[in-house]
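1. With the sequence up front, the predicted model follows.
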Amino acid sequence: MLAIGGVSYIVLRGQWCNIIVLNVHAPSEDKCDDSKDSFYEELEQVFDHFPRYHMKILLGDLNAKVGGENIFKPTIGNESLHQDRNDNGVRIVNFATSKNLVVKSTMFPHRNIHKYTWTSPDGQTHNQTDHVLIDRRRHSSILDVRSFRGADCDTDHYLVVAKVRERLAVRKQAAQKFDGGRFNLRKLNDLGVRKQYQIEITDRFAALENVSEDEDINRAWESIKENIKTSATESLGMHEMKQHKPSFDEECLGILDQRKQAKMQWIQDPSQSNVDTLNKVRRDASRHFREKKKAYLKGKIEELETNSKINNIRDLYRGINDIKKGYQPRTGIVKDKKGDLVANSNSIMVRWRNYFSQILNVHGVSEVRQAEIHTAEPLVPEPRALGVELAIEKPKSHKSPGIDQIPA
């Protein structure tokens, strides 16, 4: 990622082809040529990394004023806000021409106020510097591009919306069975609760002592499992998920509403008084959010100190990891040997197969003789009560339970 610009992308799985959306932030017009050349070299490298048959949409803050010159058509349209281009405009048009793209944000007739994407702080200068580009052969998939001035993004850029017509793939996932939560095992540290659980589980198992040996073992296990769960639910209860206390609350929502109203007044009447009011509301909102975040972090630190004093090591390290790692989104994308991201399901399966084959076949042995697989099972003695108790006590605490949802 460049310091002055950046390129990011996301791959959406489509029914006929994948949709690759590239989001960019190009250097501003006053930057040196070396910075601009470095940005477009990185953009070209990322763009050429994807197969040609996928749909590619390039959008973002390109800092480019595209003119209406006939020499650039049909790469550009007749509905650009500007008549004259700047250096960034020439660069993006040349890039689009070399990659067979079209600048769709210059092809839809709208009022000028719906073409503005940036307004100067004094409200006097309006530019169209945010654009949307797409492959020429798939240009009909974009139905409209326009800006919305009322969106509260707390920036001098307006929200640019593109209507895209394309069919996405539907992935059906099997519903995961979830029986409501986990048992509150911490109550077992209380001697009274532990005795209560022992009494309840003993009373329920007393009714199973007269079970016939001819009874189906699966049916007997279902009865044992239900007795364990019922006893744990009545004596321990379910574990309550810890309520997250974010720094963003109802008071912050009210401040955002004030900032939005101030911005709407500035859009309707860009007078100096409305500009001063908007700037003041923005400063107050930023100050309030910083104070809320500081108070939230202070509360988290105090909670960590409390866990450290009472030797609650589990919650202590869990809180430290939450603060250190932050939000970790889940992703199904992996990296190949070169470090490039792989999003296709078949390529991911091949990558995992090669990875495990290298790990498991350490000495180059890729096949195992059939005779070594089909071996006679050794005689296993019947388990004793002491052996079962030792096996149950062996697993560590706070480990995930098995399919029966009963923790050890």
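-> Arrived safely, thanks for sending.

2. And the stretch of helix or strand R91 belongs to, what's buried?
-> Using DSSP states H and E, R91 falls within helix 87-98. By neighbour count on 16 or more other C-beta atoms under 10 Å, the buried set for helix 87-98 is 88-93, 95-96. Where C-beta positions appear, they are placed from N, C-alpha and C, glycine not excepted.

3. looking just at contacts, which helices and strands does that helix meet?
-> helix 33-48, strand 101-103, strand 130-135 (3 or more C-beta pairs under 8 Å, 6 or more residues apart in numbering; DSSP states H and E).

4. how about TSV for those, with distance to S397, mean neighbour count and mean pLDDT added?
-> As requested, these are arranged in TSV below (distance: least, C-beta to C-beta, whole Å; neighbours: other C-beta atoms under 10 Å; pLDDT from 0 to 100):
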stretch	distance to S397	mean neighbour count	mean pLDDT
helix 33-48	47	15	90
strand 101-103	58	24	93
strand 130-135	54	23	94
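
5. and W352, which of these is closest to it?
-> When the helices and strands packed on helix 87-98 are compared by C-beta to C-beta, helix 33-48 sits nearest W352, at 24.6 Å.

6. And the contacts of that closest one?
-> Applying C-beta atoms under 8 Å, 6 or more residues apart in numbering, the contact partners of helix 33-48 are 2, 4-5, 7, 9, 22, 24, 26-27, 56, 58, 87-88, 91, 95, 99.

7. Including pLDDT, could the buried residues of helix 87-98 go into CSV?
-> Putting those into CSV (pLDDT from 0 to 100) gives the following:
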residue, pLDDT
N88, 91
G89, 91
V90, 91
R91, 92
I92, 93
V93, 92
F95, 93
A96, 93
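
8. Select only the buried ones of the contacts of helix 33-48 in PyMOL?
-> This is the PyMOL syntax for the buried subset of those, where burial follows 16+ other C-beta under 10 Å:
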select buried, resi 5+7+9+22+24+26+27+56+58+88+91+95+99
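
9. quick one: low-confidence parts of the stretch 1-150 of the chain?
-> The model of the stretch 1-150 of the chain has pLDDT under 70 over residues 1-5.

10. same deal with the stretch 251-400 of the chain?
-> Residues of the stretch 251-400 of the chain meeting the criterion pLDDT under 70: 327-331, 343, 361-377.

11. and if we set it to 80?
-> Residue ranges of the stretch 251-400 of the chain with pLDDT under 80: 325-333, 338-345, 360-380, 397-398.

12. before we move on, back to that, the helix holding R91: how far from the chain's middle?
-> 32 Å (C-alpha atoms, centre = their mean, to the nearest Å).

13. For that helix, which outside residues touch it?
-> 26-27, 29, 36, 40, 43-44, 62-67, 72, 75-76, 82, 85, 101-103, 129, 131, 133.

14. quick one: which of the contacts of helix 33-48 is nearest W352?
-> Of the contacts of helix 33-48, the one sitting nearest to W352 (C-beta to C-beta) turns out to be Y9, at 22.7 Å.

15. Go ahead and confirm the closest one touches L22.
-> Yes. The pair Y9 / L22 is scored as a contact, 4.5 Å apart, by C-beta atoms under 8 Å.

16. From what I see, K263 and L278 are in contact.
-> Yes. Look at K263 against L278 with C-beta under 8 Å: they come within range, at 5.9 Å.

17. Closest to D122 out of the contacts of helix 33-48?
-> N88 (22.2 Å).

18. residue contacts, K56?
-> 20, 22, 47, 50, 101, 134-135.

19. Save those as JSON lines, and put in distance to D249 too.
-> As requested, the contacts of K56 are exported to JSON lines (distance: C-beta to C-beta, whole Å):
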{"residue": "I20", "distance to D249": "38"}
{"residue": "L22", "distance to D249": "36"}
{"residue": "F47", "distance to D249": "42"}
{"residue": "F50", "distance to D249": "42"}
{"residue": "L101", "distance to D249": "44"}
{"residue": "I134", "distance to D249": "41"}
{"residue": "D135", "distance to D249": "45"}
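
20. Do you have the strands of the stretch 51-200 of the chain handy? List them.
-> Remark: strands assigned in the stretch 51-200 of the chain by DSSP state E, counting those that start in this stretch are 55-61, 101-103, 118-119, 126-127, 130-135, 142-148, 159-164.

21. which residues of the stretch 201-350 of the chain fall in helices?
-> Using DSSP state H, counting those that start in this stretch, the helices assigned to the stretch 201-350 of the chain run over residues 217-235, 250-268, 272-309, 313-325, 345-360.

22. TSV for those helices, including mean neighbour count and distance to H157?
-> Below are these laid out as TSV (neighbours: other C-beta atoms under 10 Å; distance: least, C-beta to C-beta, whole Å):
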stretch	mean neighbour count	distance to H157
helix 217-235	14	54
helix 250-268	14	13
helix 272-309	13	15
helix 313-325	12	31
helix 345-360	11	36
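
23. Output these in CSV, with distance to D190 appended to each entry.
-> CSV is the format used below for the helices of the stretch 201-350 of the chain (distance: least, C-beta to C-beta, whole Å):
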stretch, distance to D190
helix 217-235, 10
helix 250-268, 37
helix 272-309, 19
helix 313-325, 17
helix 345-360, 45
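
24. how about the closest residue to L58 other than its chain neighbours, what does it touch?
-> Leaving out its chain neighbours, the residue that sits closest to L58 by C-beta to C-beta, 6 or more residues apart in numbering is L133, at 4.2 Å. Applying C-beta under 8 Å, 6+ apart to L133 gives the contacts 57-59, 92, 96, 101-105.
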